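Trainee: return atomic coordinates for the entry below.
(chains A and B, ligands or ions: 2)
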Amino acid sequence: MPGQSLLQRILGQTGLYAAIACYVIFALLPIYWTIKISVTPQDLLYSEGIKLWPSRMTLANYTSVLKATDFPRYFLNSILVSVTTAVIVTVVASFAGYALSRFRFRGKAVVSLVLLLTQTFPLVMVIPPIYRIMGQLGLTDNLYGLIIIYTAFNIAFATFLMQSFLDGVPKDLEEAAMIDGCTRFEALRRVIMPLTLPGMGATVAFVFTAAWSELLFALMLINSESQKTFSVGLLTFVGKFAVDWGQMMAASVMALIPVCLFFMFLQRYLVTGLTAGAVKG
Amino acid sequence: MASVSLRNVHKKFGPITVLESIDLDIADGEFVVLVGPSGCGKSTLLRSIAGLEAINGGEIQIGDRPVTHMAPKDRDIAMVFQSYALYPHMDVRRNMAFSLNLRKSPAALIGERVAQASAKLGLNALLDRLPKQLSGGQRQRVAMGRAIVRNPKVFLFDEPLSNLDAKLRSTMRTEIKALHQSLKTTAIYVTHDQVEAMTMANRIVVMSDGVIQQVGPPLELYDRPANMFVAGFIGSPTMNFFDAVIVKGAARLVDGSLLPLAPAAWKEGREVVIGIRPEHLHFADQGLPATVTVVEPLGMSTQVTLDAADERVTLLALERPQLSPGDRKYLTAKAADIHVFDRVSGLRLN
Ligand SMILES: Nc1ncnc2c1ncn2[C@@H]1O[C@H](COP(=O)(O)OP(=O)(O)O)[C@@H](O)[C@H]1O
Ligand SMILES: [Mg+2]
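Mentor: Numbers count the residues shown, from 1 in each chain, chains lettered A, B, ... in the order given. Ligands and ions are numbered 1, 2, ... in the order given. Next up is the predicted model:
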C-alpha cells in the first residue's frame, strides 16, 4: 500500500502471519495431540502426559487395533454408509436444487419452507418415532437403515446448497445451449453440470463428513458388531473401568485418513471461479 | 435464410400483459431492429421467436414452417445474448463448434466452418483460449462466431453491444452490418439505442408497452413518425414539442405566437401538439420569441438550449452562432418541417 513506511509494512505482514499461525495451531492442535497419543507407549501415557512428544514411540496401538479388534470392519461399514449417502444425496439435491433454481411452479414456496422446517427439529426429539418406524420396516441394526436416515437428514441442506450454486450459473448459458441444439436435459448435462462441479464437490464433501462422523443414530439403531460404524466402534475402547486411550487415538487417526484423502481429491473441484468469463466481464 | 411472420402474438407473465397482439412480417434477408424503452417487451418478443418463452396466443412462422409449439433447438435460429453466454468451460473453438457437434456434423465440415467464421471475425489467434481469457470485444466476436458457424435461418440479437464501450460499440455496429450484407441471413436485432436502430436497420419496429407503435425504414420513421411516442423516441437530440391550437391554418402556441403550417383541411380551434426537430429550428428576425439558456459547441454543429412558449427548446445549428445565455432571439421553422399530432391520441395529423 502506498503511503506506508517500510516498518509499517513489515509490522503489518508480521501481524498477519502471526494471526494465521495462531489460527492454524488452534485448529490443528487436537489432531496433533491425537497423533501424539496414538504413538505413545502405554507405560508413558500418564508419566509424560503433557510432553509435546513422547521419549519413545510405538506403533503397537495401530497393530493391535488392526489385528485384535473389529475396527477394519467398522471402517468398511462407515465407508459404505458415507459414500452411498453422499452420492445419493448429491444426485437428488442437484436435481431438486435445479428445479428450485430454474422453474416456477405451484407450491414452490411451500416446498422450500417445508425443507427449511425439517432443519429446525432437534434430533433427539425424532429418535423415538424413527426407531419405531425403522423397527417395523426391519431396518434397525442395518446399514441400509442408516443410509436412509442420513440421506433424509442431509437432503434439505444439500438441496439449498445446490440451489445456491445453480443460482450462480447464468440462465443465459442453458438457453444458449438449448438454442444451439440441446434439450433441457442435455443442456443440464453438457453445460450446467460441468459448471456446478465445484458445488457438487462441496455437497459431496459436506454430506460425506456428516455421515462419517454421525454417532447418535448409529448408536441408537445398531447393535451387532458386524453392522457398527467406526464412530460407534470408537466407543468400544471405553471400558467400564478404563479408557484405552492409545488404541482409541490410533483408530481415530485412521478414521481421519479417508476424510483427508477425500478433501485432497475434491480440492480442485472446490475452487470457485470456474464460471468466470461466461458473461460480461 | 427465411422470412419470419408473427400473427397476433400475446404474452403474459402472470396477470401482466407484456406483448399485446403483435403482428409483424419480416422478409427473407431483412435486417429488422426492434427498438423501444427498457421494459417494453423487446426481449420477450425475441425470446418468443426463439422459443425460450411460450406465448399465450397467436402464431409464429419461420420460413414456411409454423414453429409456435417447437422447442428452441428445432427452430433453426441462432441467438447472440447481451451477456454473450459463452460456455465458460469450453475454449473458443469448442464454443463455436458446439452446435455442429450436437448435430453430429462430420469433423471436416466442423473444422472448415469454424475456420471460416474465425477468419471472418479475426478470431484465429484466440481459438484455444477460454472465454475468461478474452476481452469484452473478443467475447462479443466469439458469440457472433458461434451464431454464424451454424448457418441458421434467422439471427436473433438481444442488445449484443450494450456491454461494450462507446468506441468498440460503433466499430462492432459497422461490423455486424457488414456481416449481414455478406451473409444475407434474416436478422432480428433488439436494442434500446435509437442510434443503433437508425444505422443498422432495413426496417425499424418501434415498441412501447408491449405494443408495436410503428414499422418502417429508418428515414421514414424519422421524417414521418406515426405518433408522438415515435417522434420523441427516434432522433437525438429529441424533437421539440409545443402545445398549440389551430388558428386560421396556423398553429398558435401558448405565448400567442403563430407558426405557419403546410396547407391542409385544418379544423379551426383544434387542440394539437406540434413537433419540430432541433435541426429544423432556425433563428430569424421574427417568429417565436426565445431566450438562450445554454450554448454547447459540438464542433460540427452547435446545440443551443432556449426557453420559448413555456417549453425547454433545443436547436441544432450547423453554422456557429455568436450567442450567450440571456440573449433574446426569434425562432422559425419551415411549414413542411412541422409535425402535427392530436393532443389526446398523440396520432399524427399531417
Ligand atoms: N420471467 C419474467 N417474469 C415476469 N415478468 C417478466 C419476466 N421477463 C420479463 N418480464 C417483464 O416483462 C416486461 C418486458 O420485459 P423485457 O421483454 O425484458 O423488456 P425489454 O427487453 O424491452 O427491456 C418487463 O416489465 C419485465 O419486468
Ligand atoms: Mg431486454
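
Trainee: what's the domain layout of chain A?
Mentor: Under automatic domain parsing, the residue ranges defining each domain of chain A are A:6-58, A:70-269.

Trainee: quick one: is the last one near chain B?
Mentor: Yes - in terms of CB under 8 Å from any CB of the partner chain, part of domain A:70-269 sits within range of chain B, namely A:170, A:172-173, A:175-183, A:186, A:191, A:194-195. Where you see a C-beta, it was placed from the backbone N, CA and C, and this is true even at glycine.

Trainee: about what we covered before: just put the domains of chain A in TSV and tack on mean neighbour count, mean pLDDT and distance to B:A166.
Mentor: Converted to TSV, the domains of chain A look like this (neighbours: other CB atoms under 10 Å in any protein chain shown; pLDDT from 0 to 100; distance: least, CB to CB, whole Å):
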stretch	mean neighbour count	mean pLDDT	distance to B:A166
domain A:6-58	12	89	40
domain A:70-269	18	89	24
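
Trainee: which one of the residues of domain A:70-269 next to chain B is nearest to ligand 1?
Mentor: A:E175 (11.8 Å; CB to the nearest ligand atom).

Trainee: my guess is the closest one meets B:A85, correct?
Mentor: Yes - A:E175 lies in contact with B:A85 (CB atoms under 8 Å); the separation is 7.1 Å.

Trainee: now, which of the residues of domain A:70-269 next to chain B sits nearest B:H89?
Mentor: B:H89 lies nearest to A:P194 out of the residues of domain A:70-269 next to chain B, by CB to CB, at 4.7 Å.

Trainee: burial count for the closest residue to that closest one other than its chain neighbours?
Mentor: Of all residues not flanking A:P194 in the chain, B:H89 sits nearest, at 4.7 Å (CB to CB, 6 or more residues apart in numbering or on different chains). When neighbours are defined as other CB atoms under 10 Å in any protein chain shown, B:H89 has 20 of them.

Trainee: for B:H89, grab phi and psi.
Mentor: Per-residue torsions, B:H89: phi -90, psi 0 (degrees, to the nearest 10).

Trainee: give the contact list for it.
Mentor: Each residue near B:H89 by CB atoms under 8 Å, 6 or more residues apart in numbering or on different chains is listed here: A:V191, A:P194, A:L195, A:L274, B:L130.

Trainee: check which residues of the longest helix along chain B are buried.
Mentor: Counting by DSSP state H, the longest helix found in chain B is helix B:166-183. Buried positions in helix B:166-183, judged by neighbour count with 16 or more other CB atoms under 10 Å in any protein chain shown: B:R169, B:M172, B:R173, B:E175, B:I176, B:L179, B:H180.

Trainee: surely the first one and B:L161 touch.
Mentor: Yes - at 4.6 Å, B:R169 counts as touching B:L161 under the criterion of CB under 8 Å.

Trainee: number of nearby residues for the residue of chain B found nearest chain A?
Mentor: Going by CB to the nearest CB, chain A is nearest to B:K132 of chain B, at 2.6 Å. B:K132 has 15 neighbouring residues, counting by other CB under 10 Å.

Trainee: any idea how far A:F265 is from it?
Mentor: 25 Å (CB to CB, to the nearest Å).

Trainee: in chain A, which spans are helices?
Mentor: Using DSSP H, helices in chain A cover A:6-38, A:60-68, A:71-102, A:108-118, A:123-136, A:143-167, A:171-179, A:184-187, A:193-212, A:216-221, A:230-234, A:245-270.

Trainee: quick one: residues in contact with the shortest one.
Mentor: Contacts made with helix A:184-187 from outside it, assessed by CB under 8 Å, 6+ apart, are listed as A:L173, A:E174, A:A177, A:M178, B:L102.

Trainee: what does the fifth one give?
Mentor: Taking CB under 8 Å, 6+ apart as the criterion, the residues outside helix A:123-136 that touch it are A:T140, A:G145, A:I149, A:F153, A:L216, A:F217, A:M220, A:L221.

Trainee: which among these gets closest to chain B?
Mentor: Distances from chain B to the contacts of helix A:123-136, taken by CB to the nearest CB, are shortest for A:F153, at 32.7 Å.

Trainee: quick one, what contacts the closest one?
Mentor: A:T118, A:L123.

Trainee: just give the closest residue to the residue of the stretch 151-281 of chain A found nearest ligand 1, not the sequence neighbours.
Mentor: Ranked by CB to the nearest ligand atom, the top residue of the stretch 151-281 of chain A for proximity to ligand 1 is A:K171, at 9.6 Å. Once flanking residues are discounted, A:K171 sits nearest to A:R102: 7.1 Å by CB to CB, 6+ apart.

Trainee: and chain B, what are its domains?
Mentor: What the record gives for chain B is the domain set B:4-233, B:240-342, from automatic domain parsing.

Trainee: surely B:F157 is in a strand?
Mentor: Yes - under DSSP: H, G, I helix; E, B strand; the rest coil, B:F157 falls within a strand.

Trainee: B:H180 is in contact with that one, correct?
Mentor: No - taking contacts as CB under 8 Å, B:F157 lies outside contact range of B:H180: 10.2 Å.

Trainee: show me the common contact partners of those two, please.
Mentor: In contact with both B:F157 and B:H180: B:A187, using CB under 8 Å, 6+ apart.

Trainee: run through who's touching stretch B:330-341.
Mentor: Residues contacting stretch B:330-341 (CB under 8 Å, 6+ apart): B:225, B:227-228, B:231, B:239, B:251, B:259-262, B:272-277, B:280-290, B:306, B:308, B:313, B:315, B:347-350.

Trainee: just the buried members of those?
Mentor: Among the contacts of stretch B:330-341, those classed as buried by 16+ other CB under 10 Å are B:225, B:227-228, B:231, B:239, B:251, B:259, B:261, B:272-277, B:280-281, B:283, B:287-290, B:306, B:308, B:313, B:315, B:348-350.

Trainee: what about these, which are in helices?
Mentor: If you go by DSSP H, those have B:M228, B:A231 in helices.

Trainee: about what we covered before: among the buried residues of helix B:166-183, which pair sits farthest apart?
Mentor: That would be B:R169 and B:H180, which, of these, are the farthest apart (CB to CB) at 16.5 Å.

Trainee: which parts of chain B are helices?
Mentor: With DSSP H as the definition, chain B shows helices at residue ranges B:42-50, B:92-102, B:107-121, B:136-149, B:166-183, B:194-200, B:218-223, B:228-233.

Trainee: list the buried ones in the third one?
Mentor: Applying a neighbour-count criterion of 16+ other CB under 10 Å, one finds B:I110, B:R113, B:V114, B:A115, B:A117, B:S118, B:K120, B:L121 buried in helix B:107-121.

Trainee: excluding chain neighbours, what is closest to the second one?
Mentor: Think B:R113. Closest to B:R113 by CB to CB, 6+ apart is B:V149, at 4.9 Å.

Trainee: can you check A:Y74 too?
Mentor: A:G233 (3.5 Å).

Trainee: show me the contacts for the residue lying closest to A:M200 once chain neighbours are set aside.
Mentor: Excluding the flanking residues, the one nearest A:M200 by CB to CB, 6+ apart is A:T90, at 5.6 Å. Counting by CB under 8 Å, 6+ apart, A:T90 makes contact with A:A158, A:M162, A:M200, A:T203, A:V204, A:V207.

Trainee: can you tell me which residue of chain A sits closest to ligand 1?
Mentor: Closest point on chain A to ligand 1, by CB to the nearest ligand atom, is A:R104, at 7.9 Å.

Trainee: if I look at the residue nearest to A:K171, how far off is A:E174?
Mentor: 8 Å.

Trainee: what mean pLDDT does stretch B:149-169 get?
Mentor: Per-residue pLDDT over stretch B:149-169 has a mean of 92.
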